[in-house]
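Chemist: here's my sequence, what's the structure:
(chains A, B and C)
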Amino acid sequence: MTRKQRRLYFVGLGLLALFAATALMLNAFKDNLVFFYSPTDLQTKKVEAGRRFRIGGLVEQGSVNKDGKQVRFKVTDMAHAVPVVFTGILPDLFREGQGVVAEGKLDDKGTFLASDVLAKHDENYMPPEVADALKKSGQWQGDKDGKNGKGDGKEPGK
Amino acid sequence: MHRFANPARFLRIANVILPWSAGLTVVLLVVGLAWSLFVSPPDYQQGESVRIMYVHVPSAWMGLFAYAVMAVASAVALIWKHPLADLSAKASAPVGAAFTFICLVTGSLWGKPMWGTYWVWDARLTSMLILLFLYLGYMALVNAFDDPGRGAKAAAILALVGVVNLPIIKFSVDWWNTLHQPASVIKMGGPAISAGMLIPLLIMGLAFKAFYVTILLVRVRTEIASAKVRAIRLTQVHG
Amino acid sequence: MDTLLDQLAMGGYAGFVWPSYGVTAVALLALAVGSVRAMRAREAELRDLQASFGDRRTAALKADAAHDP
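Modeler: Residues are numbered from 1 along each chain as shown, chains lettered A, B, ... in the order given. The predicted structure follows:
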C-alpha cells in the first residue's frame, strides 16, 4: 500500500466514523432537537402542568376569538386540538388554517397559556392570482375553504 | 489531476476565465436584482416580504457549496498533497463565510415580520449558525501557525470534521420539527414555487455562483503570489 | 412615479426588504474589493521582489514552479 492510499483510507474511515458517531448522537438526542410538540404528542407524552414547552400545528378554522388584546384559538394537527390563550401582538402570517408555534405552559384545565406566538409558513410560494386560480379550479391543496383573507387582492400585513 | 495542480498552468487558465466570470456576475446581478425587486410578483401569503428570498436562499446555497468545495480541496490536500488544493480551500473559506453571514442576517430580517421573531434555536437556524462558526474557526486556524503547511493541515482536518454539518443543515427541516419550512426548490415532485418567482431565484443563484468563481480565482491568485513571495524571502534569508 | 414609490415601500415591509439587500450588497462588495486589493498588493510585492532579486535563484524558482509536481 502506498502512502497516498494509506492516507486515502485513513481520511475515508475517519469520515465514516464521524458520520456514524454523529448519527448515533443525533438519534440519542432526538427529543431535545424537536422545536415543538404536536397536539397528538401532548396526548401521548402527558406533559405536566406548569412546564414550559412549545406546541405547533395549524390554527383551527373558525376557532380564533379576539377579546381586546387577548386571543383565544385552537392548535390542531387534524387528530387532536389544544385550546390556546395568548395576550399580545400576533405575527403578520397568523391566520386560521396556517401553521403556528406557541411557547408557554399548560394550566390544570388543559388550556395552553402562550407567552409567545410564532407563525410557521409552508414551502409554497406563488402570486395571489395563481392562488386564486388554483382555488377556482379546485386544485387547491392547502386550506380547503380558502377564506384566509386571500382572493381579495390585498397583501397580508397591509 | 496533476496537470491542473500546476500553479503556472492554473494562472494561465484563471486569467482566461476571470474577465468572463466577472462580466457574467455583473450582468446576472443586474438582471436578477431588477427581476427580484421589481418584476417578480408578491407572494399570496407573505406579500412583498417574499423578495428577501432572492438574496436569502441563494446565499444559503452558496454557503453550503463553498463549504463543500473547501472540504473536497482539504481532502485532496491531505491525501494527495497537491500544492493548489490547500490554497483553494483557504481561498474558499472567506467567500463561504460571507454568504453564510448574509443568509443568517437576511433570514433574521425575514423572520421578524413573517414568523414574529428575529431568531429561534430550531435545528435549521442553529446548524446554519454552526456553519458560520466552522468557517470562522477554519480561517483562524489556517493562519494560527508560523509554518503555513502546519496551519493548512490542522485547518483541513477541521474542514473535514465539519462536513458532517452539511447533511444536517439540508435535512434538518425534514428530520425534526422546525420553525423553518421544508425545502421549496430542491424537493421530490418538483419545486413548490411558481415560475415567476423561481426564475429570478435561479438567476440570483447563478449570479452568486459566478461571483463565487470570480472571487475564488482572485483569492487563489493572491495565495499563489503569497507563496512565491514567501519562497523568495526564504532564499534571501538563507542565501 | 406613484407605482415606483409604492414598489419602494414594499407593501409595508421596506424596513426588512431593503436592509436585506443592503447587507448583501455591503458584504459582497467588501469581499470583492478586499480580495482584488489583496491580489494587487501581493502581485506588486512579488514583481518588486523578482525585479530586485532577479538573479539565478529566482530563475531557478521559476523553473521549479514550472515543473512543480
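
Chemist: what is the mean pLDDT for whichever strand or helix holds residue B:28?
Modeler: Assessed by DSSP states H and E, residue B:28 sits inside helix B:7-34. What helix B:7-34 shows for mean pLDDT is 95.

Chemist: and that helix, what's buried?
Modeler: Burial within helix B:7-34, assessed by neighbour count using 16 or more other CB atoms under 10 Å in any protein chain shown, is assigned to B:7, B:10-11, B:14, B:21-22, B:24-25, B:28-29, B:31-33. Where C-beta positions appear, they are placed from N, C-alpha and C, glycine not excepted.

Chemist: now swap in stretch B:135-142 and tell me
Modeler: For stretch B:135-142, using 16+ other CB under 10 Å, the buried residues are B:135, B:137-139, B:141-142.

Chemist: which helix is the longest one in chain A?
Modeler: Taking DSSP state H as the criterion, chain A has its longest helix at helix A:3-28.

Chemist: er, chain B I mean
Modeler: Max-length helix for chain B by DSSP H is helix B:195-238.

Chemist: picking that back up, the longest helix of chain A - contacts with which helices or strands?
Modeler: helix B:53-80, helix B:148-162, helix B:165-175 (3 or more CB pairs under 8 Å, 6 or more residues apart in numbering or on different chains; DSSP states H and E).

Chemist: tell me the most buried of those?
Modeler: helix B:53-80 (a mean of 23; mean count of other CB atoms under 10 Å in any protein chain shown).

Chemist: that one to helix B:7-34, inter-axis angle?
Modeler: With axes from the mean of the first three to the mean of the last three CA atoms, to 10 degrees as the basis, helix B:53-80 and helix B:7-34 are set at 170 degrees to each other.

Chemist: can helix B:53-80 be found next to chain A?
Modeler: Yes. Residues of helix B:53-80 contacting chain A under CB under 8 Å from any CB of the partner chain: B:53, B:75, B:78-80.

Chemist: report the lowest-confidence entry in those.
Modeler: residue B:80 (90).

Chemist: check what pLDDT residue 21 gets.
Modeler: This is for chain A. pLDDT, residue A:21: 87.

Chemist: actually chain C
Modeler: pLDDT, read off for residue C:21, is 96.

Chemist: which one is the residue of chain B found nearest chain A nearest to, not counting chain neighbours?
Modeler: Residue of chain B nearest chain A, by CB to the nearest CB: residue B:116 (3.0 Å). Closest residue in space to residue B:116, ignoring its immediate chain neighbours: residue A:91 at 3.0 Å, by CB to CB, 6 or more residues apart in numbering or on different chains.

Chemist: and residue A:150, what pLDDT?
Modeler: 34.

Chemist: dump the helices and strands packed on helix A:3-28 to a markdown table, plus distance to residue B:129.
Modeler: What follows is the helices and strands packed on helix A:3-28, written out as a markdown table (distance: least, CB to CB, whole Å):
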| stretch | distance to residue B:129 |
| --- | --- |
| helix B:53-80 | 11 |
| helix B:148-162 | 13 |
| helix B:165-175 | 10 |
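
Chemist: which one of these lies nearest to residue A:109?
Modeler: Taking CB to CB, helix B:165-175 is the member of the helices and strands packed on helix A:3-28 nearest to residue A:109, at 33.9 Å.

Chemist: quick one, that closest one and helix A:3-28 angle?
Modeler: 30 degrees.

Chemist: distance between helix B:165-175 and the chain's centre?
Modeler: 17 Å (CA atoms, centre = their mean, to the nearest Å).

Chemist: return the list of helices and strands in contact with that helix.
Modeler: helix A:3-28, helix B:53-80, helix B:123-142.

Chemist: please identify which residue in chain C comes closest to chain A.
Modeler: residue C:11 (4.8 Å).

Chemist: circling back to that earlier point, lowest average pLDDT across the helices and strands packed on helix B:165-175?
Modeler: Among the helices and strands packed on helix B:165-175, helix A:3-28 carries the lowest mean pLDDT (a mean of 87).
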